[in-house]
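J.: need the 3D shape of this:
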Amino acid sequence: MPTKQINVERLSVVSSKPFGDVVAKLEAAIGHPDMQALWREINSATTYPQLEKVIQKVLGPTGLMEFQRFDMGGFMRKEKSSAPQSFRFLVGNPLIMKKMAVHVPDAASYAPATILIDERPDGVNLSYDRMASFLAGYGNSEALKVAQDLDSKIETLLTSAAK
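T.: Modelled structure (predicted):
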């Protein structure tokens, strides 16, 4: 069974703002579609231009949307009520994923991207594993360029949310 070694770069931004404020800024910058309705519309689209219209209308100002959110801190607080707050967001844009996966099919396994926002002693941390680092080892410059553009969008999102 073949395996591939992948070195991942993690970007972390620390904010002195309250957890709720940081989350609210991130939420304001991304789309929040009704995912069941979105999947129905995606599956109903018969052409790529139709699909693009379906996706474009649910994206936030950053060109990204929330696929799902996990309250990781909520799980931890079941054991210890003082556990820090922590959310894991799955964020992305299916059109961007397609642009990467056309060149590197494995790119579809890394998208949507994970953003972790959690409370730590040094402040509220916003963390993201750079997509370009996932794809660098595949040696495809076209996919890498798309990944770098996505990384730039998400890095801007994180730094803006942290301010």
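J.: quick one: the helices in the protein, in order.
T.: For the chain, the helices defined by DSSP state H occupy 19-29, 35-44, 48-56, 72-77, 94-101, 131-135, 141-162.
J.: what packs against the third one?
T.: Under the contact criterion of 3 or more Cβ pairs under 8 Å, 6 or more residues apart in numbering; DSSP states H and E, the helices and strands touching helix 48-56 comprise helix 35-44, helix 94-101. Bear in mind the C-beta positions are built from the backbone N, C-alpha and C, glycine included.
J.: can you list the buried residues in the last one?
T.: If you call a residue buried by 16 or more other Cβ atoms under 10 Å, then helix 94-101 has these buried ones: P94, I96, M97, K98, K99, M100, A101.
J.: any chance of the residues you listed in a markdown table, plus distance to P49 and pLDDT?
T.: A markdown table is the format used below for the buried residues of helix 94-101 (distance: Cβ to Cβ, whole Å; pLDDT from 0 to 100):
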| residue | distance to P49 | pLDDT |
| --- | --- | --- |
| P94 | 14 | 96 |
| I96 | 17 | 97 |
| M97 | 18 | 97 |
| K98 | 13 | 97 |
| K99 | 15 | 97 |
| M100 | 20 | 97 |
| A101 | 19 | 97 |
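J.: distance to L158 for the residues you listed - can I get that in CSV?
T.: CSV is the format used below for the buried residues of helix 94-101 (distance: Cβ to Cβ, whole Å):
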residue, distance to L158
P94, 21
I96, 17
M97, 19
K98, 23
K99, 22
M100, 20
A101, 24
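J.: the helix or strand bottoming out on mean pLDDT in the chain packs against which elements?
T.: Least confident helix or strand of the chain, by mean pLDDT, DSSP states H and E, is helix 72-77 with a mean of 90. The contact analysis (3+ Cβ pairs under 8 Å, 6+ apart) places helix 72-77 against strand 86-92, strand 113-120.
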